[in-house]
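[1] predicted model and sequence follow; I will ask about them next.
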Amino acid sequence: MSSELRIKKLRGSGGYIMARVSDEQQMKGNLGGPDLFLAPIGRLDAEFITKHFCNTCEKEFEGPPKIEFENPNEEVAENLMLAEKGQYICNSCNSSIAEYREFKKQDEQENVGTARSIEQVANVPQVETSQIQHTEIQSTSQSSQETTTQPGPVTSISSIEGRSVIDENANKIGIAKQVGIDAAQSMVLVISKNDGSEGSIPWKNIKKVGEVVLLGNPEETSQPGKCSCGFVNKDGSKFCEECGTPLS
């Protein structure tokens, strides 16, 4: 892989920057679309930033924005620390151009345990509605605590869009895109995986929605019609509608 630095546009929620980045950084910032995003990359040295654009000012400025960060070392789950959080700030109006969060495990040999608290989907603001095909979402099992909407529409929660999705082993597995309803009418989180493909996670697997989306391993319960692939079939089905596996 080439180590050459290239000038790229890196987008944030409040604007963008133009910066010299490596191939590895480009891979981090690629969420599967044509644009690169700054949040997954984290903190860049100011000397590599050539320009920044502020949505509030509606203007592009020469040079880097202000970069402010802190190291809270806050334990967000067992064996998972919020090591650094920061933001890129417009030099002119002090508006936030982008934010980022970096996490680390205290013990790399151990798994991440239960998060400190569970954030319910009802507490997440900015609910919007959009349409996507059910076939684009992997089917998942239902949970008694999940909330469903009308069949067809998908509830997109823009406030978590672009946040890193961290699994129970403190590995980043992708970026949150939207909250949706799968073919079994269960709530799921649609994500862009690290390889650029799209996937979904049952909402009951989400332990905390905060600066990142933190996953866990909920206790599995037996469900009629549930296939080993995770798809929940209709009662009485003899074969999985998703993969064709015979159901016991």
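    Here it is on my side, so go on. Everything numeric in this text was worked out from a predicted model, so none of it was measured.
[2] tell me the domain boundaries of this structure?
    6-104, 121-215 (automatic domain parsing).
[3] quick one: which of these is nearest residue 226?
    domain 121-215 (5.8 Å; C-beta to C-beta). Placement of C-beta: from N, CA and C, glycine included.
[4] buried set for stretch 75-95?
    Residues 76-77, 79-82, 84-90, 95 are the ones in stretch 75-95 that count as buried (16 or more other C-beta atoms under 10 Å).
[5] correction: the previous question concerned stretch 187-203.
    Buried-residue list, stretch 187-203, by 16+ other C-beta under 10 Å: 187-192, 194, 199-203.
[6] and which of those residues is nearest residue 162?
    Nearest to residue 162 among the buried residues of stretch 187-203, with distances taken as C-beta to C-beta, is residue 192, at 9.4 Å.
[7] run through the bridge partners of that closest one.
    residue 175, residue 198 (DSSP bridges).
[8] ok, it touching residue 31?
    Yes - using C-beta atoms under 8 Å, residue 192 makes contact with residue 31 at a distance of 4.4 Å.
[9] which residues do those two both contact?
    Contact criterion C-beta atoms under 8 Å, 6 or more residues apart in numbering; residues shared by residue 192 and residue 31: residue 175.
[10] if we can go back for a sec, now intersect the buried residues of stretch 75-95 with the helices, please.
    Among the buried residues of stretch 75-95, no member is found in helices (DSSP state H).
[11] would you list the residues you listed in CSV and tack on distance to residue 56 and pLDDT?
    CSV is the format used below for those (distance: C-beta to C-beta, whole Å; pLDDT from 0 to 100):
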residue, distance to residue 56, pLDDT
76, 30, 75
77, 34, 73
79, 39, 74
80, 33, 79
81, 32, 83
82, 27, 83
84, 25, 90
85, 21, 89
86, 19, 92
87, 14, 93
88, 13, 96
89, 11, 96
90, 7, 97
95, 4, 94
